[in-house]
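Student: From the sequence below, what's the structure:
(one chain, ligands or ions: 2)
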Amino acid sequence: MLQKFPAFAGVPGPVVVIVMDGYGIPKHDVGSAIDAARKPTLDRLFAQYPNIRLRAHGTAVGMPSDDDMGNSEVGHNAIGAGQVYAQGAALVANAIAEGAIWQGGAWKEIVAGAKAGRGVLHFIGLFSDGNVHSHIDHLKAMVVQAKAEGVKTVRIHALLDGRDVPETSALEYVAPFEAFLRDISTGGFDARIASGGGRQYITMDRYDANWPMVERGWHTHVLGEGPQFANATEAVHGLRERNPGTIDQDLPEFVIADNGKPIGTIEDGDSVVFYNFRGDRAIEITRAFVEEHFTEFDRVRTPRVTYAGMLQYDGDLQLPKRFLVAPPAIKDTSAEWFSKSGLAQFACSETQKFGHVTYFWNGNRSNKFEGETWQEVPSDVVPFEQRPWMKAAEITDAMIAALQSGQYKVLRCNYANGDMVGHTGNFRAATMAIEAVDLALSRLLPAIDAAGGVALITADHGNADEMFELDKKTKQPAQNKDGSFKAKTAHTLNPVPLILYDNVSGGRLGLAQTDTAGLSSIAATVANLLGLQKHEKWDDSVLTVK
Ligand code: 3PG
Ligand code: CO
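Tutor: Ligands and ions are numbered 1, 2, ... in the order given. This is a model prediction of the structure:
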């Protein structure tokens, strides 16, 4: 049980944490869909309620450096755990730098497995330096090591990004990498990109939102089905010609073939490494490889392979069993300790962010703690620039019902809009996304008042706050040749707000802006609002009490 907090007995009603995904505080108003949005509720909150800025990127959320933007995994981990752990990006980079990864049993089995079979090692993963799900440098290091250890053939299945990196940057990664592979393919070693496609079109679905994406990926990587090209550089050119205006993340699949024969189908006896370190978009394809009785789609042919994830993606499900680097051991999360303190908790989002407020929040675990209720609102399967309101209204309905039930003392929700629409690069749609969240808040806040509760309104990282790429030199929005702005689809490095919506303490409560205030300050702040002390492992609260 958490101890009583001497300075404050706790609010009469519930404490609600509202995550506005992708809502950062921009440096410039040019290119900010948040500035452009009409958002009377948020304007009123910022003007009338205590609010501070929280760090949401870089080392403040466990990324290797402060040049790394935040993302939903590390953001929700930090919010939910109240602690900052060295995250996948940093753990893998260190394991490679120190060579520990090659000493581990999983890497040895991968190499031995490939050598015992046809000698083929496959790498599947996100092909960029975004450092959100993967980093291309990790792939490079593994190719070099595979050669050194006598693997004969490497085949890479490259998921084009354009979502954590500029939207049409694929060739900046593919062309130099193919040159590197050509250079290293000597002495009987043969390494090539064998298949790929846009990450939002094949393979990298999450939270069971769209299994046909994974099925398309399986057909591409494993069965070698799809439009054929001589190499990946030609494939990117060819697909762009055939699909004008389509950005990298949405490009269709491609297969590399010699004389009509795919060069990298996955066969019995091969080894396969899924080299993303982040779990949400790795779990479904991993299940397709490792589950014996798999019913999500017809695999047609199921090669017997030695399979490893870069990390273990789900600690409760132990998925996958074989992994190259141990994930951060996230312990003593807020949901665990609120549960141990006997508090009923409610978590809600729509499919696209459902795992963020449950699985990431609870330290990459898919099981509930006692007293937790999770509610998922099914997301539409559409390009979100076509429906920027997404399921904000339905999430609000569910939250209001949960508040009115009187059953819950701690509630949390995630509005996906600012992020999911921000990732499309569509400025106009992103302003509507923010307006949808504002409207949702205008309905949710009165229900919190009626329950005698308070809310902490925040975000996991920025996105809609910068919808145009900035010119590296001038720091002004970069322009295309035709004078239009270059759309930016990725997250930002900006801080996020923390607003205390409190109509119950009579002005006793406030928020302290400290240098260290970050996403990991939220768990302790919630505890104090509940009249409880933080767990000793959690970072400090930012609540002030008069
Ligand atoms: C994605 O997976 O959609 C992006 O790479 C990161 O977005 P998220 O961290 O907001 O989920
Ligand atoms: Co995002």
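
Student: which residues does Glu267 contact?
Tutor: 117-118, 120, 303 (C-beta atoms under 8 Å, 6 or more residues apart in numbering). Every C-beta, even on glycine, is put in place using the N, C-alpha and C of the backbone.

Student: now with 10 Å?
Tutor: 117-118, 120, 122, 222, 301, 303-305 (C-beta atoms under 10 Å, 6 or more residues apart in numbering).

Student: what does Asp380 give?
Tutor: 209, 350-352, 386-387, 389-391.

Student: before we move on, what about Thr351?
Tutor: Thr351 sits in contact with 206-210, 376-381, 390-391, 416, where contact means C-beta under 10 Å, 6+ apart.

Student: Domains in this structure, by residue range?
Tutor: With domains defined by automatic domain parsing, the chain comprises 15-83+330-545, 89-309.

Student: out of these, which comes closest to ligand 1?
Tutor: Nearest to ligand 1 among these is domain 15-83+330-545 (3.2 Å), distances taken as C-beta to the nearest ligand atom.

Student: mean confidence score for the closest one?
Tutor: Regarding domain 15-83+330-545, the rounded mean pLDDT is 97.

Student: What parts of the stretch 351-500 of the chain come near ligand 1?
Tutor: 419, 423 (C-beta under 6 Å from any ligand atom).

Student: go with 8 Å
Tutor: 353, 356, 419-420, 423, 460-461, 463, 491 (C-beta under 8 Å from any ligand atom).

Student: Just the buried ones from the contacts of Glu267?
Tutor: Buried by 16 or more other C-beta atoms under 10 Å: 117, 120, 122, 222, 303, 305, out of those.

Student: What is the most widely separated pair among those residues?
Tutor: Spatial extent of the buried ones among the contacts of Glu267 (C-beta to C-beta) is set by the pair Gly117 and Val222 at 14.9 Å.

Student: Report whether the helix or strand hosting Gly197 contacts ligand 1.
Tutor: Using DSSP states H and E, Gly197 falls within strand 190-198. No - using C-beta under 8 Å from any ligand atom, strand 190-198 stays clear of ligand 1, coming no nearer than 12.3 Å.

Student: Partner strands of that strand, with direction?
Tutor: Applying DSSP bridges, strand 190-198 is found paired with strand 153-160 (parallel), strand 254-258 (antiparallel).

Student: The helix or strand just after that strand: how far from the chain's middle?
Tutor: Per DSSP H and E, the first helix or strand lying C-terminal to strand 190-198 is helix 211-221. The chain centroid and the centroid of helix 211-221 are separated by 20 Å, computed with C-alpha atoms, centre = their mean, to the nearest Å.

Student: phi, psi of Thr492?
Tutor: phi -120, psi 170 (degrees, to the nearest 10).

Student: Ala308 reaches Ala112, doesn't it?
Tutor: No - the pair Ala308 and Ala112 fails to qualify as a contact (C-beta atoms under 10 Å) at a distance of 11.8 Å.

Student: what's the offset of the helix or strand where Ile434 lies from the middle of its chain?
Tutor: Using DSSP H and E, Ile434 sits within helix 427-450. Put simply, helix 427-450 sits 22 Å off its chain's centre (C-alpha atoms, centre = their mean).

Student: can you give me the angle the next helix or strand after that helix makes with helix 427-450?
Tutor: Counting by DSSP H and E, the next helix or strand C-terminal to helix 427-450 is strand 454-458. Orientation check (axes from the mean of the first three to the mean of the last three C-alpha atoms, to 10 degrees): strand 454-458 against helix 427-450 gives 160 degrees.

Student: Can you list the buried residues in strand 454-458?
Tutor: Those would be 454-458, for strand 454-458 by 16+ other C-beta under 10 Å.

Student: contacts for stretch 230-242?
Tutor: Outside stretch 230-242, the residues within contact range by C-beta under 10 Å, 6+ apart are 127, 156, 158, 160, 168, 170-171, 173-179, 181-182, 192-198, 226-229, 246-248, 251-258, 263.

Student: Could I get the buried residue list for it?
Tutor: So, applying 16+ other C-beta under 10 Å, buried residues of stretch 230-242: 231-233, 235-236, 239-240.
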